[in-house]
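Participant: turn this into a model:
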Amino acid sequence: MSLIARLEDELKQAMVARDQSRRDALRLILSSLRSAEKELQRPLHDDEELQVLQRERKRRIEAAEAFRSGGHPDRAEAEERELAILEEFMPEPLSEEEIEEIVDDAIAEVGATSMADLGRVMADVMPQTAGRADGSVVSQIVREKLA
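Facilitator: Predicted coordinates for the structure are as follows:
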């Protein structure tokens, strides 16, 4: 079952249950996915769907931070509720140990010995962690390993 089909089923269930906040969040996610499909003029691949979800996740995090710093904790909480619903449809995030294992394998595979090899290691690691780990966390671990 595609992600869009899963989201549509969840949307129907939310509508039947009269769960307005869940319904609205699911509609926003579906809207983003459909607009990406429309832009590409074809159905999205799994990795493209994941990119859309990541982009929406980042928007929710930034919006929640902005609302908190702007003195609107109620709006920040609404963004965080949407974020929680969005994360239900994302793959399980990698633990720090799993990221370190992937980084160690990539360093061995590339034969990296110094910070000069950072780009090659990152190029090998990022496709393996896409959607399951924050790029800044991965970069930090790679830098620590190469230092």
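Participant: how about the nearest residue to the residue nearest the centre of the chain, chain neighbours excluded?
Facilitator: Taking CA atoms, centre = their mean, the centroid of the chain lies closest to Q54, which sits 3.0 Å from it. Spatial nearest neighbour of Q54, chain neighbours left out: G131 (5.9 Å); criterion: CB to CB, 6 or more residues apart in numbering. No exception for glycine: its C-beta is placed from N, CA and C like everyone else's.
Participant: that older thread, what's next to the host helix or strand of the residue nearest to the centre of the chain, contact-wise?
Facilitator: If you go by DSSP states H and E, Q54 is part of helix 46-69. Applying CB atoms under 8 Å, 6 or more residues apart in numbering, the external contacts of helix 46-69 come out as 2-4, 28-29, 32-33, 36, 40, 44, 73, 75-77, 79-80, 82-83, 86-87, 89-91, 130-131.
Participant: break the chain down into its domains, please.
Facilitator: 3-87, 96-146 (automatic domain parsing).
Participant: before we move on, back to that, which of the contacts of helix 46-69 fall within helices?
Facilitator: Among the contacts of helix 46-69, DSSP state H puts 3-4, 28-29, 32-33, 36, 40, 73, 75-77, 79-80, 82-83, 86-87 in helices.
Participant: from the residues you listed, which would you call buried?
Facilitator: Buried members of the ones in helices among the contacts of helix 46-69, counted by 16 or more other CB atoms under 10 Å: L3, I4, L28, I29, S32, L33, A76, E79, E80, E82, L83, L86.
Participant: how near is the closest residue to the first one other than its chain neighbours to R23?
Facilitator: Spelled out, that is L3. Spatially, and ignoring its direct neighbours in sequence, L3 is nearest to E49 (4.7 Å; CB to CB, 6+ apart). In this view, E49 and R23 are 20 Å apart by CB to CB, to the nearest Å.
Participant: show me which of these two is the more surrounded one.
Facilitator: E49 (22 against 19; other CB atoms under 10 Å).
Participant: distance check, the more buried one against Q20.
Facilitator: Using CB to CB, E49 is found at 25 Å from Q20.
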